[in-house]
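*Asks:* Sharing a sequence plus its predicted fold:
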Amino acid sequence: MIRVREVSLIGNDGEQLGVFPTQEALNMAEEKDQDLVEVAPNSSPPVCRIMDYGKFKYQQSKRAHEAKKKQKIIHVKEVKLRPNTDQHDYDFKLKNAFRFLESGDKVKVLVFFRGREIVHRENGQKLLVRVTETLEDIAVVEQEAKQEGRTLCMIFAPKSLKKKA
């Protein structure tokens, strides 16, 4: 697969072997029962290494798996309200929103309008302003109130998340 005439060769133990014709480098790798792997194709001459390619791929996948394990996955949790939600229900749902934000997740607050409630959209806006005031200590508004069909939605992100970004 290597299409150049000469390659700079590195041994299995990491030592510089020098510049060799490609065919001679392939023969050296076969003698050691190893593979010739091109590690720096853009340099002049390209750098190749004598190594076990299967072991190399395994180590790469292991490194990628470790990096993936250390990533924090951020979920978007939803809290659904209605424009005339009672105080107790509001408190209960906001308690859940606090819990979601403290665990590092984003919260999408939805206000559903049924029937002719959509005519009084300002009630939903007032409710979202109230939610914003309640959550302002631990959350930042990531997306302002936006109408999507019969719902108003607003997205909050935890403040600790914003500081890191």
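*Replies:* Noted; the coordinates are in hand.
*Asks:* In this structure, where's the longest strand?
*Replies:* Longest strand of the chain, by residue count under DSSP state E: strand 139-148.
*Asks:* Can you give me the buried ones in the helix or strand that that one is followed by?
*Replies:* Under the assignment DSSP states H and E, the closest C-terminal helix or strand after strand 139-148 is strand 151-158. Buried residues in strand 151-158, counted by 16 or more other CB atoms under 10 Å: Leu152, Cys153, Met154, Ile155, Phe156, Ala157, Pro158. The C-beta positions use only the backbone N, C-alpha and C, and glycine is treated the same way.
*Asks:* what's next to strand 151-158, contact-wise?
*Replies:* 76, 97, 101-102, 104-113, 121, 124-125, 128, 131-132, 135, 138-146 (CB atoms under 8 Å, 6 or more residues apart in numbering).
*Asks:* Can I get the longest strand of the chain in CSV, CA atoms only?
*Replies:* Output of strand 139-148 as CSV, limited to C-alpha atoms (Å, rounded to 0.1, in the frame of the first residue of the first chain):
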residue,chain,number,x,y,z
ALA,A,139,-29.2,28.1,35.7
VAL,A,140,-28.5,30.3,32.7
VAL,A,141,-31.1,30.8,29.9
GLU,A,142,-29.6,29.0,26.9
GLN,A,143,-32.6,29.5,24.6
GLU,A,144,-35.1,32.3,25.1
ALA,A,145,-38.9,31.5,25.0
LYS,A,146,-39.8,30.2,21.6
GLN,A,147,-43.2,29.2,20.2
GLU,A,148,-43.3,25.7,18.6
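*Asks:* Run the angle between it and strand 151-158 for me.
*Replies:* For strand 139-148 against strand 151-158, the angle by axes from the mean of the first three to the mean of the last three CA atoms, to 10 degrees is 160 degrees.
*Asks:* Centre of the chain to strand 139-148, how far?
*Replies:* Taking CA atoms, centre = their mean, to the nearest Å, the mean C-alpha location of strand 139-148 is offset from the chain mean by 21 Å.
*Asks:* That one - which strands sit beside it in the sheet, and in what orientation?
*Replies:* Strand 139-148 sits in its sheet next to strand 151-158 (antiparallel), going by DSSP bridges.
*Asks:* For the partner strand, list the C-alpha coordinates in PDB.
*Replies:* Taking Å, rounded to 0.1, in the frame of the first residue of the first chain, the C-alpha atoms of strand 151-158 are listed here in PDB:
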ATOM      1  CA  THR A 151     -46.100  25.000  23.000                       C
ATOM      2  CA  LEU A 152     -43.700  27.600  24.400                       C
ATOM      3  CA  CYS A 153     -40.300  26.200  25.200                       C
ATOM      4  CA  MET A 154     -37.200  27.600  26.900                       C
ATOM      5  CA  ILE A 155     -33.900  25.800  27.600                       C
ATOM      6  CA  PHE A 156     -31.800  26.300  30.700                       C
ATOM      7  CA  ALA A 157     -28.200  25.100  31.300                       C
ATOM      8  CA  PRO A 158     -26.500  24.800  34.700                       C
END
